[in-house]
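1. got a structure for you, letters missing:
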């Protein structure tokens with residue numbers, strides 16, 4: 001059955017449907033970067049609240065700034081912006097649910113003016129973002145905004161025809177200021193430490209270059225709540241679509257597949273209202289820091305600890321690495337010995353239980369989460385997910401070999417061939433640059449570790465870490481992943 005409004009009531013009885021009338025909704029959120037995670041997370045929570053009869057004025061208008069967003073928009077538009085959330089887990093209590101919280105999607109390619117007008121309209125009170133860790137144009141080596149980037153320079157020279165998220169945000173906020181329209185809350189939902197603070201820094205830096213008075217108005221009127229977001233959402237594959245069709249008779253051009261687990265911890269700092277998301281499980285707090293430290297260092301850090309080693313070994317799915325007891329032992333050692341001692345107490349969270357949950361979530365066979373997805377954008381992920389843990393280990397004079405193995409695995413992964421001789425492409429916007437760093441085995445240490453925007457300054461200056469990194473690289477080359485893991489775990 002083709003998914004659209006006309007066919008909603010003809011879907012299989014086990015499929016949960018929107019409990020609200022789609023035509024009764026009004027848009028209150030614009031979300032830039034509509035992908036799987038947004039649809040399985042922020043749209044999921046908003047839809048859940050709408051199903052209670054509340055928040056019908058907080059429907060979402062999606063925004064696409066990239067050429068490749070057109071297919072996503074077209075797929076959604078063809079089915080009246082409905083999509084299926086398809087939970088996959090190792091138990092029978094998973095959900096199949098049609099979500100109607102997204103009611104429109106605009107593309108920058110179709111006209112900057114229309115998009116600016118939408119973002120400037122009084123009905124839009126929250127603008128949310130999933131633009132990837134690297135989308136904020138912040139140099140990880142010094143924390144400064146990279147104003148020199150060509151796309152940023154374009155937007156500064158063409159304020160009414162922007163291409164970047166910062167150009168569109170500033171154009172819309174300038175229009176709101178001129179019209180006397182209250183500012184919106186700018187809510188990052190990306191997976192990076194202090195995502196609200198990073199968003200604030202980047203936008204204010206851009207605005208200062210565009211219009212100093214506008215920058216000051218934004219600082220006074222826009223809020224930037226920090227958030228911790230969590231739900232494993234693999235890339236939707238043809239197999240996932242066929243599985244949804246065969247099991248539940250739904251023909252959905254772009255369903256979203258996710259695990260049953262979901263969590264959102266959010267600072268309650270909104271300047272123009274917000275949905276009552278706490279009624280559907282969102283945890284509001286004055287300080288999200290301990291939650292994001294826990295999640296980023298344990299979940300995301302462990303993902304990187306597994307993913308490059310797994311890919312080199314020849315695995316292609318996260319659960320395959322978890323079927324290998326050696327990888328599970330390594331993940332537990334990484335979490336227990338390297339990360340946990342660095343974490344502050346997290347209100348309401350038992351860290352031992354949380355780590356047990358991560359093992360179970362990564363072991364989810366049904367979701368078939370792709371290692372390629374987790375491997376992607378390593379040059380942006382390392383500074384956020386691994387380097388802070390490593391810097392603390394170095395500062396405390398602790399053992400670094402387990403974390404050195406993560407970095408060494410990435411270095412060898414960048415060569416584009418696994419230990420079985422299979423070749424693959426590197427999914428990273430800086431792939432060519434990164435691969436050039438590891439082209440000469442004799443110079444890998446010097447070239448890779450001294451890239452300051454990835455590794456900072458402390459790591460290449462630590463003789464203990466450099467020695468551990470070189471030992472791990474040599475071991476991976478000489479005896480492969482399995483024996484190297486055995487050696488590291490024996491230390």
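-> Sure, I can see it. Owing to the predicted nature of the structure, the values given are computational and were not obtained by experimental measurement.
2. sketch out the strands for the chain, chain order is fine.
-> In the chain, the segments counted as strands under DSSP state E are 27-32, 59-64, 83-87, 96-99, 102-107, 126-129, 138-139, 144-145, 185-188, 227-230, 256-258, 263-267, 283-285.
3. partner strands of the fifth one, with direction?
-> Neighbouring strands of strand 102-107 in its sheet, by DSSP bridges, are strand 59-64 (parallel).
4. tilt between the partner strand and strand 27-32?
-> Angle of strand 59-64 versus strand 27-32, following axes from the mean of the first three to the mean of the last three CA atoms, to 10 degrees, is 20 degrees.
5. ok, and what's touching strand 59-64?
-> For strand 59-64, contacts defined as CB atoms under 8 Å, 6 or more residues apart in numbering pick out 25-34, 42-43, 46, 50, 70, 72-73, 76, 81, 101-109, 115, 118-119, 124, 168. (Each C-beta comes from the backbone N, C-alpha and C, glycine too.)
6. on that earlier part again, and the strands of the chain: which comes nearest residue 486?
-> Ranking those by proximity to residue 486 (CB to CB) places strand 227-230 first, at 31.6 Å.
7. now do that closest one: which elements does it pack against?
-> strand 263-267, helix 289-294 (3 or more CB pairs under 8 Å, 6 or more residues apart in numbering; DSSP states H and E).
8. for it, give me every contacting residue.
-> Identification of contacts with strand 227-230 by CB under 8 Å, 6+ apart yields 37, 41, 187-191, 195-196, 261-267, 288, 291-292, 295, 299.
9. thinking again about what came up before, can I get the strands of the chain in TSV including mean neighbour count and distance to residue 376?
-> Below are these laid out as TSV (neighbours: other CB atoms under 10 Å; distance: least, CB to CB, whole Å):
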stretch	mean neighbour count	distance to residue 376
strand 27-32	24	19
strand 59-64	25	19
strand 83-87	24	22
strand 96-99	20	25
strand 102-107	20	23
strand 126-129	23	18
strand 138-139	17	19
strand 144-145	17	24
strand 185-188	24	19
strand 227-230	22	17
strand 256-258	26	17
strand 263-267	20	22
strand 283-285	17	28
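10. and residue 469, which of those is closest to it?
-> Going by CB to CB, the one of the strands of the chain nearest residue 469 is strand 138-139, 23.0 Å.
11. go ahead and confirm residue 219 touches residue 201.
-> No - applying CB atoms under 8 Å as the test, residue 219 and residue 201 come out as separate, 10.9 Å apart.
12. who's more crowded, these two?
-> Using other CB atoms under 10 Å, the more surrounded residue of residue 219 and residue 201 is residue 201, with 17 against 13.
13. list the contacts of the more buried one.
-> Residue 201 is in contact with 138, 143, 145, counting by CB under 8 Å, 6+ apart.
14. so among the residues you listed, where is pLDDT lowest?
-> Ranked by pLDDT, those bottom out at residue 143 (90).
15. who touches the lowest-mean-pLDDT helix or strand in the chain?
-> In the chain, the helix or strand scored least confidently by mean pLDDT, DSSP states H and E is strand 138-139, which has a mean of 92. The contact list for strand 138-139 (CB under 8 Å, 6+ apart) reads 144, 145, 146, 198, 201, 202, 453.
16. the third one and residue 159: what is the separation?
-> Translated: residue 146. 19 Å (CB to CB, to the nearest Å).
17. what about the stretch 301-450 of the chain, any weak spots by pLDDT?
-> Counting by pLDDT under 70, the stretch 301-450 of the chain shows no low-confidence range.
18. where along the stretch 301-450 of the chain do the helices fall?
-> For the stretch 301-450 of the chain, helices defined by DSSP state H, counting those that start in this stretch occupy the ranges 301-313, 318-322, 325-333, 351-362, 371-375, 378-385, 387-395, 401-413, 431-437, 444-449.
19. next, format the ones you listed as CSV and append distance to residue 483 and mean neighbour count.
-> Converted to CSV, the helices of the stretch 301-450 of the chain look like this (distance: least, CB to CB, whole Å; neighbours: other CB atoms under 10 Å):
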stretch, distance to residue 483, mean neighbour count
helix 301-313, 11, 25
helix 318-322, 16, 22
helix 325-333, 10, 17
helix 351-362, 23, 16
helix 371-375, 21, 20
helix 378-385, 24, 23
helix 387-395, 23, 19
helix 401-413, 12, 25
helix 431-437, 26, 15
helix 444-449, 20, 18
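20. can I get the strands of the chain in CSV with distance to residue 388?
-> Output for the strands of the chain, formatted as CSV (distance: least, CB to CB, whole Å):
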stretch, distance to residue 388
strand 27-32, 27
strand 59-64, 31
strand 83-87, 32
strand 96-99, 35
strand 102-107, 34
strand 126-129, 22
strand 138-139, 15
strand 144-145, 18
strand 185-188, 18
strand 227-230, 15
strand 256-258, 27
strand 263-267, 19
strand 283-285, 21
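21. which one of those lies closest to residue 345?
-> Residue 345 sits nearest to strand 283-285 of all the strands of the chain, at 13.7 Å, using CB to CB.
22. avg pLDDT for that closest one?
-> Strand 283-285 shows a mean pLDDT of 97.
23. burial measure for residue 368, as a count.
-> Residue 368 has 19 nearby residues by other CB under 10 Å.
24. isn't it up against residue 317?
-> Yes - Residue 368 lies in contact with residue 317 (CB under 8 Å); the separation is 5.5 Å.
25. so how far is stretch 340-348 from its chain's centroid?
-> In terms of CA atoms, centre = their mean, to the nearest Å, the centre of stretch 340-348 is set 22 Å apart from its chain centre.
26. which of the contacts of residue 201 sits closest to residue 324?
-> Of all the contacts of residue 201, residue 324 sits closest to residue 138, with 36.0 Å by CB to CB.
27. follow-up on the earlier one: could I get the helices of the stretch 301-450 of the chain as CSV with distance to residue 245?
-> Compiled in CSV, the helices of the stretch 301-450 of the chain are given as follows (distance: least, CB to CB, whole Å):
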stretch, distance to residue 245
helix 301-313, 30
helix 318-322, 23
helix 325-333, 33
helix 351-362, 26
helix 371-375, 22
helix 378-385, 33
helix 387-395, 42
helix 401-413, 34
helix 431-437, 34
helix 444-449, 45
